[in-house]
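Enquirer: Sequence plus the predicted model coming up.
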Amino acid sequence: VYTQTLSDYISEITGYKPNEINRGKLVTFNQLIHPDDNRKLRNSMEKAFGNKEKYNFIYRLLTKDGKFRWVYEIGEFDSFEGSIENKKIDGVLFDLTEKINQEEEKLSGIFKATDAERTRISHEIHDGLQQTLVACKMNLEIVKKEISVISPKLQDRYLTGLEIMDYAIQESRTIARSLL
């Protein structure tokens, strides 16, 4: 456990007053760190301690009302002698929640626009290309009834063209479905 003295800014981020956190108070600082981030933060700090350098990390803190806020922490240890345990950390937290929420909204908009464009392209393939290919195939099937009047070489080309048409129809269906 790291020894921490917290400023009043912690209450703006978490809703907890500094005297409510750590040393047998209401909660410990480590309890406020999101479980998915706690180990990664500790690893980052241990690596920095081992390399005798500052650390920085983005993680989530639990607020008093049960929500999580994103913070960016930059810190350094008061010394690198001995064990990392019970070292004083001089550092600062920056609340990134609004910025991260804005970025998530932008990404969500991009994903929605991408999905809409994929749907549009899929419909164009279905409504345009596939229908044209099917109409072409139907016309070629009608001509197939009179295939005996053309040379065997042209018959082979015709049948190959018909196979390619079938493949193109299947391929366009596969593409249109994969876009949805």
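Expert: Received, thanks.
Enquirer: where does this protein have low pLDDT?
Expert: Under the criterion of pLDDT under 70, the regions of the chain flagged as low confidence span 1-4, 23-24.
Enquirer: is it true that K25 touches Q31?
Expert: No - taking Cβ atoms under 8 Å as the contact criterion, K25 and Q31 are not neighbours in contact, 10.6 Å apart. Quick note: C-beta positions are derived from backbone N, CA and C, even for glycine.
Enquirer: any chance you could map the strands in this structure?
Expert: Applying DSSP state E to the chain gives strands spanning 55-62, 68-77, 89-95.
Enquirer: Columns distance to E163 and mean neighbour count on top of these, output as TSV?
Expert: Below are the strands of the chain laid out as TSV (distance: least, Cβ to Cβ, whole Å; neighbours: other Cβ atoms under 10 Å):
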stretch	distance to E163	mean neighbour count
strand 55-62	56	18
strand 68-77	57	18
strand 89-95	64	15
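Enquirer: what's the closest of those strands to L6?
Expert: strand 89-95 (9.1 Å; Cβ to Cβ).
Enquirer: now the angle from the closest one to strand 55-62?
Expert: Relative orientation of strand 89-95 versus strand 55-62 (axes from the mean of the first three to the mean of the last three Cα atoms, to 10 degrees): 60 degrees.
Enquirer: partners of strand 89-95, with directions?
Expert: Here the strand partners of strand 89-95, with direction, are listed using DSSP bridges: strand 68-77 (antiparallel).
Enquirer: what's next to the strand it pairs with, contact-wise?
Expert: With Cβ atoms under 8 Å, 6 or more residues apart in numbering as the test, strand 68-77 has contacts from 13-14, 34, 41, 45, 48-49, 53-63, 84, 87-97, 99-100.
Enquirer: I'd assumed S178 was in contact with R118.
Expert: No - between R118 and S178 no contact is recorded; they are 9.1 Å apart, counting by Cβ under 8 Å.
Enquirer: More neighbours: the two, which one.
Expert: For the pair R118 and S178, the greater number of neighbours falls to R118 (14 against 9), based on other Cβ atoms under 10 Å.
Enquirer: what sits against the residue nearest to the more buried one when sequence neighbours are not counted?
Expert: Excluding the flanking residues, the one nearest R118 by Cβ to Cβ, 6 or more residues apart in numbering is L179, at 4.4 Å. Under the criterion of Cβ under 8 Å, 6+ apart, the contact partners of L179 comprise R118, T119, I121, S122, I125.
Enquirer: what about the closest residue to the fourth one other than its chain neighbours, distance to R173?
Expert: Across the structure, with Cβ to Cβ, 6+ apart as the measure, the residue nearest S122 apart from its sequence neighbours is L179 (3.9 Å). Summarising the geometry, the distance separating L179 from R173, computed by Cβ to Cβ, to the nearest Å, is 11 Å.
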